[in-house]
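1. With the sequence up front, the predicted model follows.
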Amino acid sequence: MSKLWGGRFTKETDKLVEEFTASITFDKELASEDIEGSIAHVQMLGDCGIIAIEDANTIKEGLLTIQQKINNGNVEFLVEHEDIHMNIEKLLIDEIGPVGGKLHTGRSRNDQVATDMHLYLRKQTKSIIGLLNDVQKAIMNQAKDHIDTILPGYTHLQRAQPISFAHHLLAYFWMLERDKERLQDSLKRINWSPLGAGALAGTTFPIDRQQTAELLGFDMVYPNSMDAVSDRDFIVEFLSHASLIMTHISRLSEELVIWSSQEFQFIELDDAFCTGSSIMPQKKNPDVPELLRAKTGRVYGNLVGLLTVLKGLPLAYNKDMQEDKEGMFDTVATLDGSLRLLAPMILTMTVNKDKMHQAVSQDFSNATDIADYLVTKGLPFRQAHEIIGKIVLYAINNQKFLLGLTIEEYQQFSPLFKEDIYEILQPKNVVGARNSQGGTGFQQVKNQLSFAEQFID
Ligand code: ARG
């Protein structure tokens with residue numbers, strides 16, 4: 001039998017079964033983590049006197065050589081060796097001889113694969129935190145240039161009140177800040193070491209789990225060996241944080257698509273981030289934000305996929321858990337690619353200040369401000385609201401905007417109106433007046449920007 005576990009078997013594995021059960025086609029992504037975990041393990045085996053120090057050193061050297069060969073593309077992984085763990089063990093034995101067979105003393109593939117996954121996700125989580133930070137920087141950059149760029153703010157996608165474009169953009173800054181914080185917090189749980197849990201029950205060898213945890217930079221060891229080998233919560237957590245990140249990216253993308261439409265023309269995406277149509281020569285399509293919006297689907301799918309794999313699994317390890325990998329790799333690749341595109345796309349988009357300004361001068365988004373005006377003159381807000389409703393209706397019927405009504409027209413609705421109403425209704429003043437904490441008033445936006453600065457690395 002050519003298998004590492006072939007001893008108990010009298011027949012070769014069916015070829016289809018071999019292919020169906022193998023994970024090497026995708027878990028080869030974990031090669032470096034697998035080697036890193038093995039080096040820590042073998043170091044500990046030597047230090048604890050479980051195997052001879054010379055053997056431990058030989059194995060360590062062998063593992064480093066294999067890593068070199070992998071880096072140089074000189075290694076072929078084989079489906080017949082099922083997964084990355086057994087492929088590397090096989091390569092090791094080929095490299096240094098039977099002494100390589102001592103590496104697997106006191107561990108199982110169950111704690112080994114869990115260790116690999118923890119190491120992998122720790123690395124990727126940190127990298128994604130960095131990429132989120134880059135997108136935040138791009139947002140800040142645009143926001144700095146557009147504090148006094150005014151556009152309509154919407155509710156129900158109906159023009160509501162004018163706002164500063166910087167304020168609108170910065171809303172996304174804070175979403176991404178919470179995303180970063182969630183990922184940062186998840187590192188606490190990713191950073192538990194399953195190594196040494198064995199197949200499920202621990203081992204008879206006098207291993208030192210603390211040492212391997214320290215060598216691998218983990219904060220603590222799983223206190224329960226069964227939990228250690230069957231926990232995939234940290235992956236679910238990652239996929240869930242990734243889903244929320246994609247929700248945020250997708251909402252922003254949707255706005256970019258809308259804003260760059262002919263109907264809005266608020267922004268123009270750089271040519272480098274758009275594509276043309278094969279039939280309609282006039283078109284410049286926002287394919288990148290469209291795809292970012294769409295890729296959210298696969299990330300949600302990967303989360304639901306893993307939750308479904310895990311529900312109903314008895315303790316401890318089950319082969320089902322091998323299905324934790326592809327969705328995770330796909331999510332990492334999707335997030336990585338999306339965030340890398342998003343930052344430069346935001347940085348390079350041009351903002352059409354005039355179009356935005358034109359939009360706020362031709363709508364009723366200053367209506368609340370007339371109501372507030374009457375309130376400052378002593379009228380209860382509810383009554384003011386009623387009056388303004390009538391004024392808006394009157395203006396619509398007479399095809400005018402609020403700045404276009406004469407003072408006589410205003411005074412038909414209330415004697416409280418004076419000439420100063422026209423100054424108050426200027427979009428710039430409408431925005432500037434919203435100076436309550438966290439509001440869109442220019443001073444508030446400046447305060448927000450300098451506060452945001454503290455969250456950027
Ligand atoms: N390829 C396996 C996985 O990814 C490794 C662990 C296999 N353990 C086992 N007892 N068959 O889950």
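-> The structure has been received and is ready for your questions. Numbers count the residues shown, from 1 in each chain.

2. what about the strands in the stretch 1-150 of the chain?
-> Here the stretch 1-150 of the chain has its strands, by DSSP state E, counting those that start in this stretch, at 150-155.

3. got the residues of it near the ligand?
-> Contact residues (C-beta under 6 Å from any ligand atom) of the stretch 1-150 of the chain with the ligand: 23, 27, 83, 85, 109-110, 113. Every residue, glycine included, has its C-beta placed from N, CA and C.

4. Adding pLDDT, write these out as JSON lines.
-> Putting those into JSON lines (pLDDT from 0 to 100) gives the following:
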{"residue": "23", "pLDDT": "98"}
{"residue": "27", "pLDDT": "98"}
{"residue": "83", "pLDDT": "98"}
{"residue": "85", "pLDDT": "98"}
{"residue": "109", "pLDDT": "98"}
{"residue": "110", "pLDDT": "98"}
{"residue": "113", "pLDDT": "98"}
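
5. burial count for residue 104?
-> Look at residue 104: counted by other C-beta atoms under 10 Å, it has 19 neighbours.

6. Excluding chain neighbours, what is closest to whichever residue of the stretch 351-457 of the chain sits closest to the ligand?
-> Relative to the ligand, the nearest point of the stretch 351-457 of the chain is residue 457 (33.9 Å; C-beta to the nearest ligand atom). The shortest distance from residue 457 to any non-neighbouring residue, by C-beta to C-beta, 6 or more residues apart in numbering, is to residue 133 (5.3 Å).

7. how much space between the one you found and the ligand?
-> Distance, residue 133 to the ligand, by C-beta to the nearest ligand atom, to the nearest Å: 32 Å.

8. check contacts around that residue.
-> 180, 456-457 (C-beta atoms under 8 Å, 6 or more residues apart in numbering).

9. still on that earlier bit, would CSV of the residues of the stretch 1-150 of the chain next to the ligand with neighbour count be doable?
-> Shown next, in CSV, are those (neighbours: other C-beta atoms under 10 Å):
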residue, neighbour count
23, 19
27, 25
83, 24
85, 26
109, 20
110, 22
113, 26
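
10. Which ones among the residues you listed lie within helices?
-> Per DSSP state H, helices hold the following members of those: 27, 85, 109-110, 113.

11. before we move on, the earlier item: export the residues of the stretch 1-150 of the chain next to the ligand to JSON lines and tack on distance to residue 314?
-> Output for those, formatted as JSON lines (distance: C-beta to C-beta, whole Å):
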{"residue": "23", "distance to residue 314": "21"}
{"residue": "27", "distance to residue 314": "23"}
{"residue": "83", "distance to residue 314": "22"}
{"residue": "85", "distance to residue 314": "23"}
{"residue": "109", "distance to residue 314": "18"}
{"residue": "110", "distance to residue 314": "14"}
{"residue": "113", "distance to residue 314": "18"}
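
12. for this structure, what are the low-confidence residue spans?
-> 1 (pLDDT under 70).

13. Swap in 90 and give it another go.
-> Confidence mapping of the chain against pLDDT under 90 gives the ranges 1-13, 274-284, 361-363, 365-366.

14. distance from the centroid: which residue in it tops it?
-> Distance from the centre of the chain peaks at residue 408, with 55.6 Å (C-alpha atoms, centre = their mean).

15. Enumerate the residues of the stretch 301-450 of the chain near the ligand.
-> 317, 319, 321-322.

16. Quick check: of those, which has the highest neighbour count?
-> Going by other C-beta under 10 Å, residue 321 tops those with 22 neighbours.

17. So what's the residue count around the nearest residue to that one once chain neighbours are set aside?
-> With sequence-adjacent residues excluded and distances taken as C-beta to C-beta, 6+ apart, residue 321 is closest to residue 232, at 6.4 Å. The tally of other residues near residue 232 (other C-beta under 10 Å) stands at 21.

18. Tell me who's in contact with residue 232.
-> Residue 232 neighbours (C-beta under 8 Å, 6+ apart): 117, 306, 310, 321, 324.

19. now it: how far from residue 115?
-> Using C-beta to C-beta, to the nearest Å, residue 232 is found at 13 Å from residue 115.

20. what's the answer for residue 84, then?
-> Residue 84 sits 12 Å away from residue 115, going by C-beta to C-beta.

21. and those two? which has more neighbours close in?
-> residue 115 (30 against 25).

22. I figured residue 113 hits residue 82, correct?
-> No - using C-beta atoms under 8 Å as the test, residue 113 is too far from residue 82 to be in contact (11.6 Å).

23. From the contacts of residue 133, which land in helices?
-> Among the contacts of residue 133, the ones falling in helices (DSSP H) are residue 180.

24. I'd like the contacts of residue 133 written out as a markdown table, with distance to residue 188 and neighbour count added.
-> Below are these laid out as a markdown table (distance: C-beta to C-beta, whole Å; neighbours: other C-beta atoms under 10 Å):
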| residue | distance to residue 188 | neighbour count |
| --- | --- | --- |
| 180 | 14 | 22 |
| 456 | 22 | 12 |
| 457 | 19 | 9 |
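
25. Relative to residue 332, which of the contacts of residue 133 is nearest.
-> residue 180 (16.1 Å; C-beta to C-beta).

26. mind listing what the closest one touches?
-> Residues in contact with residue 180 (C-beta under 8 Å, 6+ apart) are 129, 132-133, 136, 455.

27. those helices in the stretch 101-250 of the chain, which residues are they?
-> For the stretch 101-250 of the chain, helices defined by DSSP state H, counting those that start in this stretch occupy the ranges 109-145, 165-190, 209-215, 225-230, 233-259.

28. same deal with the stretch 351-457 of the chain?
-> According to DSSP H, counting those that start in this stretch, the helices that the stretch 351-457 of the chain contains are 353-361, 367-376, 381-397, 407-413, 421-424, 427-432, 442-453.

29. out of the ones you listed, which comes closest to residue 51?
-> Distance to residue 51, taken as C-beta to C-beta, is lowest for helix 442-453 among the helices of the stretch 351-457 of the chain, at 53.5 Å.

30. Taking strand 150-155 as reference, get the angle to that closest one.
-> Inter-element angle recorded for helix 442-453 and strand 150-155: 80 degrees (by axes from the mean of the first three to the mean of the last three C-alpha atoms, to 10 degrees).

31. angle of helix 442-453 against helix 165-190?
-> Interaxial angle, helix 442-453 versus helix 165-190 (the same axes, to 10 degrees): 30 degrees.

32. what sits against the closest residue to residue 239 other than its chain neighbours?
-> Nearest non-adjacent residue to residue 239, counting by C-beta to C-beta, 6+ apart: residue 303, 4.0 Å away. With contact set as C-beta under 8 Å, 6+ apart, residue 303 has these partners: 236, 239-240, 242-243, 327, 331.
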